[in-house]
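1. sequence and computational prediction follow.
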Amino acid sequence: MIKPFIELSDTLIQVKVPLPFPLRWVNSYVVRSRDGWTLIDPGLHTAEAEELWNRAMEQYGLSVGELRSIVLTHHHPDHYGLTGWFQQQSGAKVHMSALGCEQARALWGEGETMSVTLLELFRRHGMDEGTLALMADHMTGFVSQVSPQPDLSVIDPGNLFPIGDRLYRPIVTPGHAAGHLCFYDEERSELFCGDHVLPQITPNVGYIPGFDRDPLRSYMNSLEEVSRLKVETAYPGHREPFRTFGARALEIVRHHEERLAIMEASLAEPQTSYALCRAYFGDRLSIHQLRFALSETIAHLIYLRDSERIKELDREGTVAYVK
Ligand SMILES: [Zn+2]
Ligand SMILES: [Zn+2]
């Protein structure tokens, strides 16, 4: 049984918000201040999450009327889902990067077009019609877990950003999500790192049409960059706060270098991303896992193509790759 609330300091509470998939929970952080509280990444919108938050607010005397602001590291449903629920009760502003806001609108705004675009991408990369139909159902199933939609305010990464009573430097950290931000307290060497660097698990890096052309390259560059920050404690989006931030960032870079080499080596004959994904990740993935595995495979193949290590072939609308 997971203990859902952990008081990390007088002003910081970690709340483990449940997730109905293998990650099990997402970390939200409550930052108390003189005039109220701030919420970082409130979690996925489910009945269990609402119930947990009501308990947390009661236990720690957090009145929803004193919620001053909601800050998002990125737009993924497991972090963003509950923002509208909190904003409706409190009127608090919701802050995210410009690209994060744009993707949230493209994914869940009125007249969204992203699910059609993604299905088209998966088809071009070799997914069969039966699996595409399952994927379409899966995507519409997510909408309730990110509703209602909040009003969004854009964070300018050029300025220090207040969280609680302290000022943080927003650091643009693309790769896992376009527009992902980490928030750095230089004086205390503390970092809210969202899903950019996680202990034990490797963050997913997926290709999404219309945003980052080569997300894996952005990710590896950004990891190298943040590995040089002085970080005593990192507060991640999943698992527990950790102290080995720089070393972990470089370990993830090496993981991707190894995987790139394996994929390159398996392309003596032309293959689609989907075939390669099935070969690499196996046949037992849930449809949810398959979505991320395929986006990740595509991101790796784009990186190899743009490095001129493999070639892209277009065969009547289906894309394949070969060494
Ligand atoms: Zn994420
Ligand atoms: Zn996450």
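-> The structure has been received and is ready for your questions. Ligands and ions are numbered 1, 2, ... in the order given.
2. where do the strands of the stretch 1-150 of the chain begin and end?
-> 5-7, 12-18, 25-33, 36-40, 67-71, 93-97 (DSSP state E, counting those that start in this stretch).
3. redo those strands as JSON lines? Include mean pLDDT and mean neighbour count.
-> From N, CA and C alone the C-beta is placed, and that goes for glycine too. JSON lines is the format used below for the strands of the stretch 1-150 of the chain (pLDDT from 0 to 100; neighbours: other CB atoms under 10 Å):
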{"stretch": "strand 5-7", "mean pLDDT": "97", "mean neighbour count": "13"}
{"stretch": "strand 12-18", "mean pLDDT": "98", "mean neighbour count": "20"}
{"stretch": "strand 25-33", "mean pLDDT": "97", "mean neighbour count": "22"}
{"stretch": "strand 36-40", "mean pLDDT": "98", "mean neighbour count": "22"}
{"stretch": "strand 67-71", "mean pLDDT": "97", "mean neighbour count": "23"}
{"stretch": "strand 93-97", "mean pLDDT": "98", "mean neighbour count": "23"}
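4. quick check: residues of this structure near ligand 1?
-> Contact residues (CB under 5 Å from the ion) of the chain with ligand 1: His76, Asp195.
5. let's see that with 6 Å instead.
-> Applying CB under 6 Å from the ion, we find that the chain lies next to ligand 1 at His74, His76, His176, Ala177, Asp195.
6. ok, and the closest non-adjacent residue to the second one?
-> Closest residue in space to His76, ignoring its immediate chain neighbours: Ala177 at 6.0 Å, by CB to CB, 6 or more residues apart in numbering.
7. got the confidence number for the one you found?
-> In this model, Ala177 is scored at 97, pLDDT.
8. which residues touch the closest residue to Met220 other than its chain neighbours?
-> With CB to CB, 6+ apart as the criterion, Met220 has its nearest non-adjacent residue at 5.3 Å, and that residue is Val253. Neighbour list for Val253: Met220, Leu223, Glu224, Ser227 [criterion: CB atoms under 8 Å, 6 or more residues apart in numbering].
9. relative to Pro20, which of these is nearest.
-> Leu223 (29.1 Å; CB to CB).
10. now what about the host helix or strand of that closest one, what contacts it?
-> Leu223 is part of helix 215-226, with elements assigned from DSSP states H and E. Here helix 215-226 makes contact (CB under 8 Å, 6+ apart) with 171-176, 178, 182, 193, 196-197, 205-208, 212, 245-246, 249-250, 252-253, 256-257, 299-300, 302-303, 306.
11. now, the residues you listed that are in helices?
-> Judged by DSSP state H, the contacts of helix 215-226 include 245-246, 249-250, 252-253, 256-257, 299-300, 302-303, 306 as members of helices.
12. quick one: buried ones out of those?
-> Buried members of these, counted by 16 or more other CB atoms under 10 Å: Phe245, Gly246, Ala249, Leu250, Ile252, Val253, His256, Ala299, His300, Ile302, Tyr303.
13. OK, contacts around the closest residue to the fourth one other than its chain neighbours?
-> So the one you mean is Leu250. Distance criterion CB to CB, 6+ apart; nearest residue to Leu250, sequence neighbours excluded, is Ser227 at 5.1 Å. Residues in contact with Ser227, defined by CB under 8 Å, 6+ apart, are Phe245, Gly246, Ala247, Ala249, Leu250, Val253.
14. phi and psi next, for Ser227.
-> Backbone torsions for Ser227, taken as degrees, to the nearest 10, come to phi -60, psi -20.
15. repeat that for the one 10 residues further on.
-> Dihedral angles of Gly237 (phi, psi; degrees, to the nearest 10) stand at phi -80, psi -20.
16. what pLDDT does the model give Ser9?
-> 96.
17. just put the buried ones among the ones in helices among the contacts of helix 215-226 in a markdown table and tack on pLDDT.
-> Below are these laid out as a markdown table (pLDDT from 0 to 100):
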| residue | pLDDT |
| --- | --- |
| Phe245 | 98 |
| Gly246 | 98 |
| Ala249 | 98 |
| Leu250 | 98 |
| Ile252 | 98 |
| Val253 | 98 |
| His256 | 98 |
| Ala299 | 98 |
| His300 | 98 |
| Ile302 | 98 |
| Tyr303 | 98 |
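18. make CSV from those residues and add distance to Gln289 to it.
-> CSV is the format used below for these (distance: CB to CB, whole Å):
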residue, distance to Gln289
Phe245, 27
Gly246, 29
Ala249, 24
Leu250, 26
Ile252, 19
Val253, 23
His256, 19
Ala299, 16
His300, 16
Ile302, 20
Tyr303, 21
